[in-house]
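1. Give me a 3D structure for the following:
(one chain, ligands or ions: 1)
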Amino acid sequence: MSNNRDNKKTVLFVLSVDTEEEWDWSGEFPQKNFSIDNVFRLSDFQHLCNDLGVKPTYFIDYAVAENDKAAAVFKQPEFKENCEIGAHLHPWCNPPYFGHVSDKESHVVNLPIEQVEQKLASLVKLLSSQFGEQPRSFRTGRWGIDAKVMRLLTKYNFTLDSSVYPFWQNEYFSCHGAPERPYWPNLNAPLQEDNQQKLIFELPVTAGFNHKNSSLCEKAYRMMEHPTLRWTRITGVAWRTKLLRKSYLSPELFDVPQLLDLSKSALANGTQVLHMFMHSSSLIDNNNSLVGNRDAYKYITEAIRSYISQLQQSVNLEFCTISEAGKRLSEEQTSNE
Ligand SMILES: [Zn+2]
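-> From the prediction side, this is the model:
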């Protein structure tokens, strides 16, 4: 991104919001009788974004979109041209249903692709009829992407994916090795870059380590996390001394000074976009909120306001929706080849 006359760097800023029901993260995966009270705070939230200039992207899931009152929230004037509506697939509450869902099946990448396709088709149909246009951006529920899901997205005309959760892997899915910068994914191996295919662009959330060389840090961190090495104490020391702190640009997970630290390292690494993410369910006090019962709306909105205003002291933020950012960044990558 360019430098302006005031010598501040200009960087794109994206906020993505997984827009979904409140649910118990520790319990079963519900298929009906959801509470979606949080969605009714999004009108105030959008007003705040409009004040700040932020253009949020709402990745909306089936449970929210099928509720006419919830869908009507996004048709209010404050949302018009100030946000983007994308698709968010929670397989456990998105018809058609195929039996019991355990932790494993709650991750889209672990389902047979025929099931994913039927669920995605019904989600796209619902979002298109509720909001008058087809969604172009997508995020899987609980993160993760593979070749079959990525190819399916292109079949349904999605042009942007944001399912990569950098530096993360567990027993159900892995994003290990994926670039943390935006990239054209290889459709046969979407955690790898491939400049030959230009159908769908990947825009991961901003993540990193509190150190300049993120990929080197990732190797060190993974080595220290290895269960056969009893280095837990060392990882703890490294965390405390800020050498290897893994962090994500989310006000649910980190406080404002940590978010600013991460942003500064991302900028020092040459990032062209800061991509913050959160869940709509974190906007209300509930037992399942990542933020917890502590005036969640006030906590989250004050954190975002404070983060943006402090960051703007050192950089110019250019606010855009995720597809706008994807278009800008992919065109730059293409013209630089
Ligand atoms: Zn979700």
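
2. And the contacts of the host helix or strand of residue 46?
-> Secondary-structure element containing residue 46, defined by DSSP states H and E: helix 42-52. Counting by Cβ atoms under 8 Å, 6 or more residues apart in numbering, the neighbours of helix 42-52 from elsewhere in the structure are 15, 17, 19, 55-56, 58, 73-74, 76, 78-79, 82-83, 280, 283, 297, 301, 304-305, 308, 319. C-beta coordinates here come from the backbone N, C-alpha and C atoms, glycine included.

3. 6 Å instead, please
-> Here helix 42-52 makes contact (Cβ atoms under 6 Å, 6 or more residues apart in numbering) with 56, 73, 76, 78, 79, 82, 301, 308.

4. Any buried residues in stretch 172-189, and which?
-> Buried positions in stretch 172-189, judged by neighbour count with 16 or more other Cβ atoms under 10 Å: 172-175, 178, 180-187.

5. thinking again about what came up before, filter the contacts of helix 42-52 down to the buried ones.
-> 56, 73, 78, 79, 82, 301, 308.

6. Format those as TSV; extra columns: distance to the ion.
-> Written out in TSV, the entries for these read as follows (distance: Cβ to the ion, whole Å):
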residue	distance to the ion
56	15
73	18
78	23
79	20
82	22
301	20
308	24
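
7. sorry, back to before: so which elements touch the very next helix or strand once past the helix holding residue 46?
-> Counting by DSSP H and E, the next helix or strand C-terminal to helix 42-52 is strand 57-60. Here strand 57-60 is seen to pack against strand 9-19, strand 84-89 when contacts are counted using 3 or more Cβ pairs under 6 Å, 6 or more residues apart in numbering; DSSP states H and E.

8. Please identify the deepest-packed of those strands.
-> With neighbours defined by mean count of other Cβ atoms under 10 Å, none of those is more surrounded on average than strand 84-89, at a mean of 26.

9. Spell out which strands sit alongside that one in the sheet and which way each one runs.
-> Based on DSSP bridges, the strands next to strand 84-89 in the sheet, each with its direction, are strand 57-60 (parallel), strand 137-140 (parallel).

10. Tell me which of the ones you listed is the most buried.
-> strand 57-60 (a mean of 29).

11. which other residues reach the next helix or strand after that strand?
-> Toward the C-terminal end, the helix or strand that comes next after strand 57-60 (DSSP H and E) is helix 62-65. Counting contacts by Cβ under 6 Å, 6+ apart, the residues outside helix 62-65 that touch it are 19, 21, 34, 36, 39, 70-71, 93-94, 123, 126-127, 130.

12. What's the PyMOL syntax to select whichever of the residues you listed are buried?
-> In PyMOL, a selection of the buried entries from these looks like this (16+ other Cβ under 10 Å):
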select buried, resi 19+21+34+36+39+70+71+93+94+123+126+127+130
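
13. which of the contacts of helix 62-65 has the weakest pLDDT?
-> Sorting the contacts of helix 62-65 by pLDDT puts residue 34 at the bottom of the list (82).

14. quick revisit: restricted to strands, list the buried residues of stretch 172-189.
-> 185, 186 (DSSP state E).

15. hmm, which two among the buried residues of stretch 172-189 are most spread apart?
-> Among those, the pair separated by the greatest distance (Cβ to Cβ) is 172 and 184, at 26.0 Å.

16. still on that earlier bit, may I see the helices and strands packed on strand 57-60 organised as TSV, with distance to the ion added?
-> Written out in TSV, the entries for the helices and strands packed on strand 57-60 read as follows (distance: least, Cβ to the ion, whole Å):
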stretch	distance to the ion
strand 9-19	4
strand 84-89	6
